[in-house]
Structure formats: C-alpha cells, structure tokens
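Novice: Quick one: sequence plus predicted model below, questions after.
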Amino acid sequence: MLFSEALGLRKSQPQLDFVDIDLDTDTPLFIDPAAFHDCPGYFAQKCAADITSFFDAVLHAAGEGDDEMGERLLAALREPDEIHLGLSKGLPKGRGLGHLQASIIFERIKTSKALKTGLVQDLNDVLMFVRGVGPDIVSDITTNIIRRHLIKYTQDQFDLMGLEINNNIPTGLLWDPVDAKWEEDFDEIPVVKDRRILLVPKRFVKWRYDFSKAGTQYYNKFFINYIRQDQLNKNGPLVSLIPKKFGPAEKKVFKTDIERKFPNTKGTLEEFSTNHPDIYDKFKSSFFRHNPLSINSLMGFHGDDFREIEFTNHIIDALRKLPSGAKHSADYQSLIVGIAHFMFYPELTNPVLERPLNGDRKRIDIAFDNSSTAGFFSLVRTHPFLMSSEVMIECKNYSHDIANPELDQLIGRFDPRRGRFGMLFCREVTNKGRLADRCADAYRSAQGAIIVLTDEDVIEALDAGVFDRARTIERIMSSQMRDLRK
C-alpha cells in the first residue's frame, strides 16, 4: 500500500514533494549524495554540509591511520528501513554495517591509492574505487548522515498535509557536524502501520541502475577510448594490423584485447585515474551530475503509468468546481500546493506551511526552497535585488479582486535572507490593469516582486501539455516580470 493511500491523502505522486513509498516493501530508488551538492535550496545545502563534514572526518581518520575512529564512524551506519527505499524484498529489515564490515571498508579506504593521490573526495569517489562499496551502501550512508534533516522534512510535510504526529520516540543516531560525532535524541517521527516513516524529497533520488553503471560507463567511454588512442599513437602491443585489398594495412585496437589486458575492475580504474586524474574529473563532472527523475519514472516504480492528460483534466476540473470564499480556503490551499508541486517540479522543493518569521509575529502561507539551476526561478534567485532563495506563496480563495492589503501582507514577509519574490494565487482578477499597477508600484519602490496567478493562468499552463507547459509557465511569469519594470 502506498503511503498516500494509507493516510487517505487523496493526492498522487505528481502532487507530492516526497517519494510516495510503498509501505509493504522497498522502492528501488537510492538517495544520491551528488544531488545535494548540485542543488542551491536550503534543505540541500544543509544536507550537503553534513555529508561533507562526515566524509571529511572519515578522510581525516584514514589519513592519520586512526582505525578506531574510522571504524567508529562507519560502524554507526545501518540500513535505514524508515525510508522504504532500496532493494529489500518484502518488509525492509534494517542492517548495520557492523564492526567487521566497517573495519574492512575503512581499511580499503585507508589503503586506496586514490585516497593518497587526492582523488577520493566524496562518497561517489568511494563508490568508484573502493571494493565492497556499492550503490546501496552509498545511499545508506547518505541517509544516516542526513537523518536529522529528513526528520524535520517529514515533520514539515505532515504539517503541510494537516496531519499530527503526537509522539516523542528515539531518533536513532544523528550526525553532529560541529563535534564530528554521532549522537542520539528523541523527536516526533510518524509511525504508520506500526513502522517508523521518514519521507524523502523526490528531487534527490536516483534509480539504482544510474549508480551501478558508473564504473561501466567510465570504463567503456573514457578508459577504453584513452587506451585505444594511446596504443595507436605509440604503435603499442595491442595494435592489430588489418590487411586491406588495396593500400597499406589498417591499424586497429580491439576492445576485446584491451579488456583482456586491462579487465574492468575497481583496481584497474583506480590505477588509471591516479595516473590520469584529468580524465576522471571529466567523467565525474558529466556522469555524477544529478538529473531529477521525471514524474513518469517515479510512478513507474510502482507499476503505474502516468496518464498526464487524465491527471491534468482531473485537477483542472477540481479547480473549476471548488467554490470561492473563506469556507473553502483550506481546500483551495491544499489543491494549489499539489498543483505547484506538479507545475514547478523540480525547481521548487521542500514546501513549508505557515513558516514563522520575525519572532512568530508574521506567518506566510507556504514557502518553497528555490532549487532551480536554470530558467525563470534561477533568474529570480540570482537577481542582485530579489535574491529569491525561497519562493513565498499565498493562496487567496476570494470572490473579489486582490487589493493592497493582500499585496502588503506578502511584501511584509520579504527579507534579504529569503528574498523579495513571491507568488499570489487567486481565483480571478477583473481589473487586471489596476492590479498590475499596484504590483509595479511595489517593485519600483524596491519592496519586491509579486507574480499573480489566477485560475485562468493555472489552467492555461496545465492545458499546455508536457512539451509546452514549462514554456507556457515561463511566458506567463516573465511577462508579468516585464510589466513590473515598465
């Protein structure tokens, strides 16, 4: 049973920020440590800092030959069954690395040539060069390190869904990046079907195959090509002369001959990379660049086909049927949050409901991390005045036009730390010229930028379809931004 079904959320994967896990088994996805380093959002930055802190501690212990410290750091890691990701069959069963396995892995890290030459700098380097470390261990290590942030993320998602947790149970080990050690605590952690649950943002997961093919991709596309060209340049022993009917024999280096002399092992790749670090850097910068999974891929892991036209028609119909007015404001907000997940993924992530600001005197409806690295949201994030590290959203289920108080309410929540950009969702605007002038006045007076999206705008974007939706959203929002500057 899917998490969304067990809790009666009436939302599916496209409307959720997290992976909609199967509570009866594991979903064959893994947390990708590179994803946090590639993402500018607050959640990602905090996770990336802790991952770096942990790995620096392991490298320091290895460099100092401190076996006791290294084994203590690694032995604390266990298979995190709370997230229901991985390859377990049936119900997940948490397993620790154990002192023996931790000792073996630490010894291999410590004696690695790649470590001594500086090639091992993060967890994906360990995946590439250290025997016994596969995608499952890398993902498990990452999950344990960021457990503190996953707990907070899960609490925020339950708050957003209007669900209470109401417990205070052991957290398990938490990484303390300040003192570089593991600690334990108590916190609110949901229990569903008698199992602890931690939710994982869908932006940061990867299919196992994408991990496991790393060595093969490096070997086939970089190592083989280099050896072949090097042998041809040197007229080496792997060069074969292929007779031609006319003209001189053709020189060739066959892949099978390279494979026979240099088998595809971690040892081979480690030796090669220590001698050619520039080639490994090229591979790493291209292969380990994180590309968020599509909604279709995420649903496919549960055997579901994403019928996008049916889905968009359904939520358009729900939006049209939802009455305006205060009585239905919570339903409108919930619907808009789901639509925002769908329309703005993977640019906007980690939504937080009514986040306290300024000593809790003011609260916002919703705040998203601005995780965009390209396009409209990236521009407002890097704009020298807007600096939108977060995107603040308010939902007004009014039957009348938005006026100055609503704009002032949103503007009052802008600040340099989070940025000066927000989106206001409302049902309709009868006097668009007046509202545009009010938004432009706020922008010209250096208060901030507000984009207003009506039902008409949302429906236009949803109706645009998979190939034109992003372009339609960009056009609607960029047009309003240009009007602000007039």
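Specialist: Good, I have the coordinates. Numbers count the residues shown, from 1 in each chain.
Novice: ok, residue 469 - how many residues close by?
Specialist: Residue 469: 18 surrounding residues under other CB atoms under 10 Å. All C-beta spots, glycine's among them, are computed from the backbone N, C-alpha and C.
Novice: Settle this for me: it is touching residue 343, isn't it.
Specialist: Yes - counting by CB atoms under 8 Å, residue 343 is a contact partner of residue 469 at 7.0 Å.
Novice: Between these two, which contacts overlap?
Specialist: Applying CB atoms under 8 Å, 6 or more residues apart in numbering, one finds that residue 469 and residue 343 are jointly contacted by 461-462.
Novice: Residue 322: how many residues sit nearby?
Specialist: With neighbours defined by other CB under 10 Å, the count for residue 322 comes to 17.
Novice: begin at 23 from here
Specialist: Sounds good: first residue 23 from here, last item residue 344.
Novice: In this structure it contacts residue 357, no?
Specialist: Yes - assessed by CB under 8 Å, residue 344 is found in contact with residue 357 at 6.4 Å.
Novice: Could you give the number of residues near the spatially closest residue to residue 505 that is not a sequence neighbour?
Specialist: In space, and not counting its chain neighbours, residue 505 is closest to residue 458: 5.4 Å by CB to CB, 6 or more residues apart in numbering. The number of residues packed around residue 458, counting by other CB under 10 Å, is 16.
Novice: Provide the secondary structure category for residue 458.
Specialist: Using DSSP: H, G, I helix; E, B strand; the rest coil as the criterion, the local structure at residue 458 reads helix.
Novice: I'd assumed residue 504 was in contact with it.
Specialist: No - distance between residue 458 and residue 504: 10.8 Å, which falls outside the contact criterion (CB under 8 Å).
Novice: Would you mind measuring from the residue nearest to residue 505 to residue 479?
Specialist: 13 Å (CB to CB, to the nearest Å).
Novice: From the rest of the structure, what touches the longest helix seen in the chain?
Specialist: If each helix of the chain is counted by residues according to DSSP state H, the longest one is helix 64-86. Under the criterion CB under 8 Å, 6+ apart, residues 55, 57-61, 88-89, 91-92, 95-96, 128, 131-132, 137, 142-145, 163-164, 167-168, 170-171, 175, 197, 199, 202, 223, 226, 371-372, 391, 393, 411-412 lie in contact with helix 64-86.
Novice: center of the chain, which residue is that?
Specialist: residue 226 (2.5 Å; CA atoms, centre = their mean).
Novice: Just the endpoints, please. Distance across stretch 283-301?
Specialist: As for stretch 283-301, its first-to-last residue distance stands at 20 Å under the measure CA to CA, to the nearest Å.
Novice: what does it rub up against?
Specialist: So stretch 283-301 is in contact with 134-136, 139-141, 150-153, 237-238, 240-241, 244-245, 248-249, 260, 302, going by CB under 8 Å, 6+ apart.
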